[in-house]
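Asker: Build the 3D model from these lines:
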Amino acid sequence: MIRKDVAGTMLMAALLAACGCSKALSDGPYQATGIRIGEVTDNSTNIWTRLTRHPERVGPDAPMPKILYRESKTGALLDKSTGGKSGSTPVVRFPDSSTIETIEGAVPGIPGKVRVLYRTAGESDWRATDWQAVDPKRDFTHQFRLAKLAPAAKYQLRVEARGDAGSQEGQVIEGAFKTAPPAQESKRVVFMVSTGQAYPDQDAPGGGYRIYTAMLKLDPDFFVHTGDIVYYDELAKTPALARWHWASMYSLPTNLQFHRQVASYFIKDDHDTWMNDCWPGMKTTFMGEFTFEQGQAIFLEQMPMGDRTWRTFRWGKDLQIWLVEGRDFRSPNTMRDGPDKTIWGKEQKEWFKRTVQESDATFRILISPTPIVGPDRKNKHDNHSNKDFQREGDELRKFISEQKNVYVICGDRHWQYISVDQKTGVREYSCGPASDKHAGGWTNDMRLPEHKYLNVVGGFLAGTVDRAEGKPTLTFRHYNVDGDVLNEDHLVAE
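Answerer: Predicted coordinates:
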């Protein structure tokens, strides 16, 4: 049996190793929620960090908050919401004298300053940003935009922290990332895509998700998370509890290790915006003090992406990706379908069509937080494969089918698949959820004519763009949570 004090030391050592800390045992401030590298191009990237009071997260022996619901008619406190999600009001209880700062996974923030040092791999001299204060109103975070980078290069990072007075040196995190090749250069590119990582469904020893270890072994150029990065619904009844979701998720050892070494692009969906199947203007008491608008703001605060959630990125001559926004411009799911009902909104849809047509990339990939093709369950009402948004879905599928070498990757669904729309021939790849515990909602015997591959399992999707005998190729592989290949689909450019 390991003594509790020894076990705590071992856990701290594992967390410090995972975050790549070169000065891990300083007096703080710390960076226990790690760094995130985002929006990488051929000459720029964003670096996100956050200062924390302690070097590690609160451990699993700590309590979790309990949510009760006050029944609107009787005033009784119940374990479950009644009368649908609008008929009762949540009441947050912190057991055993705990607080938002002492519950499991908590990582309280602290004021201080940060800066980034960076250099191409192999160089001796570092370039450095100015020291910048983190913002207490934005969860003690700060984001840096690094510009004038070299294309198709590997960069080393050092993110340094210090106290407000400037004399107290804090924790240093080391990291790395790759920049994109220029648009005229044909270069092999490997990328990974995942979705749906619920905190209760962790599967890695010591905390986190096995997919991150498996993906690191494949040395990806970049990673895309399609949304449902955290699940607010049950616990995020205040903005503070919403921020707890991000701190508890990104202080997990596997997540710390992965995100300091791989550039990522993030998309939000319903559960990391506000609640299941949400839209702007939706009315409910279920989420308590936490509002849809606060959810939009917190996502931008916690992700290394600037202010725009719909964008496109070029990775050399043969690849361009589009990341779209599915919540901010959405019509109510309950609205009758017709020409005015939309998920994307007019401006974003016009932007997507225009930029796809303007692109000369060999392969063009739409990465969507929700399905465009499906099929999906009949009781779902929030994506383009459902009848509720069929008109816009038909419009998008028709447009995509008229373009050469355009494919769709989607998140949201808790199973892996390759589907081909029977009417238009649009090909869609569902990456599947982050763990086997989170897989479900479909069964392997429900194989429909659209399915070219179907597997109700956790894991991830990898794409490789390359050239064979001078011809551009795109290979998609579905993996399980341990990095074993489950299916391969090899495409040659038309």
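Asker: Local confidence estimate at the residue of the chain positioned farthest from its centre?
Answerer: Distance from the centre of the chain peaks at Thr74, with 40.3 Å (Cα atoms, centre = their mean). If you check Thr74, the pLDDT there is 87.
Asker: Where does it fall, secondary structure wise?
Answerer: Under DSSP states H and E, no helix or strand contains Thr74.
Asker: what do you get for Phe191?
Answerer: Going by DSSP H and E, Phe191 is part of strand 189-194.
Asker: All the strands of the stretch 151-300 of the chain, in order from the start?
Answerer: Secondary structure of the stretch 151-300 of the chain (DSSP state E, counting those that start in this stretch): strands at 154-162, 169-178, 189-194, 222-225, 264-266.
Asker: Turn those strands into CSV, columns for distance to Arg397 and mean pLDDT.
Answerer: Heads up, the C-betas are built off the backbone N, CA and C, glycines and all. Below are the strands of the stretch 151-300 of the chain laid out as CSV (distance: least, Cβ to Cβ, whole Å; pLDDT from 0 to 100):
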stretch, distance to Arg397, mean pLDDT
strand 154-162, 38, 97
strand 169-178, 33, 97
strand 189-194, 20, 98
strand 222-225, 21, 99
strand 264-266, 23, 98
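Asker: right, and those - which one's nearest Ala462?
Answerer: strand 189-194 (5.3 Å; Cβ to Cβ).
Asker: now Arg367: how far from Lys283?
Answerer: Rather than Arg, residue 367 is Ile. Applying Cβ to Cβ, to the nearest Å, the value for Ile367 to Lys283 is 31 Å.
Asker: now do Asp219
Answerer: 47 Å.
Asker: which one of these two has more residues nearby?
Answerer: Asp219 (10 against 6; other Cβ atoms under 10 Å).
Asker: ok now do the more buried one, which residues does it touch?
Answerer: Val190 (Cβ atoms under 8 Å, 6 or more residues apart in numbering).
Asker: Any chance of a markdown table for the strands of the stretch 151-300 of the chain, columns distance to Gly440 and mean neighbour count?
Answerer: What follows is the strands of the stretch 151-300 of the chain, written out as a markdown table (distance: least, Cβ to Cβ, whole Å; neighbours: other Cβ atoms under 10 Å):
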| stretch | distance to Gly440 | mean neighbour count |
| --- | --- | --- |
| strand 154-162 | 38 | 21 |
| strand 169-178 | 34 | 21 |
| strand 189-194 | 16 | 24 |
| strand 222-225 | 20 | 24 |
| strand 264-266 | 24 | 22 |
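Asker: got those as a markdown table, with distance to Gly345 columns?
Answerer: Formatted as a markdown table, the strands of the stretch 151-300 of the chain follow (distance: least, Cβ to Cβ, whole Å):
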| stretch | distance to Gly345 |
| --- | --- |
| strand 154-162 | 35 |
| strand 169-178 | 31 |
| strand 189-194 | 24 |
| strand 222-225 | 21 |
| strand 264-266 | 19 |
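Asker: Minimum distance to Gln302: which of those has it?
Answerer: Each of those has some distance to Gln302 by Cβ to Cβ; the shortest is strand 264-266, at 8.9 Å.
Asker: which other residues reach the closest one?
Answerer: 36-39, 222-225, 227, 229, 303-305, 313, 321, 323, 367.
Asker: Ok, stretch 158-170 next?
Answerer: With contact meaning Cβ under 8 Å, 6+ apart, stretch 158-170 is reached by 22-23, 26-31, 35, 47, 49, 51, 111-118, 126, 131, 133, 171-175.
Asker: okay, that stretch in PDB with CA atoms only?
Answerer: Taking Å, rounded to 0.1, in the frame of the first residue of the first chain, the C-alpha atoms of stretch 158-170 are listed here in PDB:
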ATOM      1  CA  ARG A 158       8.800  28.200 -23.200                       C
ATOM      2  CA  VAL A 159       5.900  29.800 -21.400                       C
ATOM      3  CA  GLU A 160       7.200  31.600 -18.300                       C
ATOM      4  CA  ALA A 161       5.300  32.900 -15.300                       C
ATOM      5  CA  ARG A 162       6.100  35.400 -12.500                       C
ATOM      6  CA  GLY A 163       4.400  37.200  -9.700                       C
ATOM      7  CA  ASP A 164       2.800  40.700 -10.100                       C
ATOM      8  CA  ALA A 165       5.800  42.400  -8.500                       C
ATOM      9  CA  GLY A 166       8.100  40.800 -11.100                       C
ATOM     10  CA  SER A 167      10.600  39.400  -8.700                       C
ATOM     11  CA  GLN A 168       8.900  36.100  -7.900                       C
ATOM     12  CA  GLU A 169       9.700  33.600 -10.600                       C
ATOM     13  CA  GLY A 170       7.100  31.000 -11.300                       C
END
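Asker: Now do the contacts for the spatially most central residue of the chain.
Answerer: Geometric centre of the chain, nearest residue: His225, 3.6 Å, by Cα atoms, centre = their mean. Contact partners of His225, counting by Cβ under 8 Å, 6+ apart, are Val193, Ser194, Thr195, Ser264, Tyr265, Phe266, Ile267, Gly411.
Asker: one step back: how close does the residue farthest from the centre of the chain sit to Lys237?
Answerer: Taking Cβ to Cβ as the measure, Thr74 falls 20 Å from Lys237.
Asker: Against His478, how distant is the residue lying closest to Arg327 once chain neighbours are set aside?
Answerer: Of all residues not flanking Arg327 in the chain, Thr273 sits nearest, at 4.7 Å (Cβ to Cβ, 6 or more residues apart in numbering). Thr273 sits 27 Å away from His478, going by Cβ to Cβ.
Asker: ditto for Thr226
Answerer: Using Cβ to Cβ, Thr226 is found at 14 Å from His478.
Asker: Can you pull out the low-pLDDT segments for the stretch 351-494 of the chain?
Answerer: The model of the stretch 351-494 of the chain has no residue with pLDDT under 70.
Asker: what ranges do the strands span in it?
Answerer: Assigned by DSSP E, counting those that start in this stretch, the stretch 351-494 of the chain shows strands spanning 363-368, 406-410, 416-420, 427-430, 451-455, 460-468, 471-479, 485-492.
Asker: Please work out which of the ones you listed is packed deepest.
Answerer: Among those, judged by mean count of other Cβ atoms under 10 Å, the one packed with the most neighbours on average is strand 427-430 (a mean of 25).
Asker: Run through the neighbouring helices and strands of that strand.
Answerer: strand 406-410, strand 416-420 (3 or more Cβ pairs under 8 Å, 6 or more residues apart in numbering; DSSP states H and E).
Asker: again, only using 10 Å
Answerer: With contacts defined as 3 or more Cβ pairs under 10 Å, 6 or more residues apart in numbering; DSSP states H and E, strand 427-430 has these neighbours: strand 363-368, helix 390-401, strand 406-410, strand 416-420, strand 451-455, strand 460-468, strand 471-479, strand 485-492.
Asker: Can you give the strand pairings for it, parallel or anti for each?
Answerer: Strand partners for strand 427-430, identified by DSSP bridges, are recorded as strand 406-410 (parallel), strand 416-420 (antiparallel).
Asker: Of those strands, which is nearest Ala204?
Answerer: Closest among those, using Cβ to Cβ: strand 416-420, at 19.5 Å.
Asker: what angle separates that closest one from strand 485-492?
Answerer: 30 degrees (axes from the mean of the first three to the mean of the last three Cα atoms, to 10 degrees).
Asker: quick check: angle from strand 416-420 to strand 471-479?
Answerer: Going by the same axes, to 10 degrees, strand 416-420 makes 140 degrees with strand 471-479.
Asker: In this structure Leu68 contacts Ser88, no?
Answerer: Yes - contact status for Leu68 versus Ser88: in contact at 9.2 Å, counting by Cβ atoms under 10 Å.
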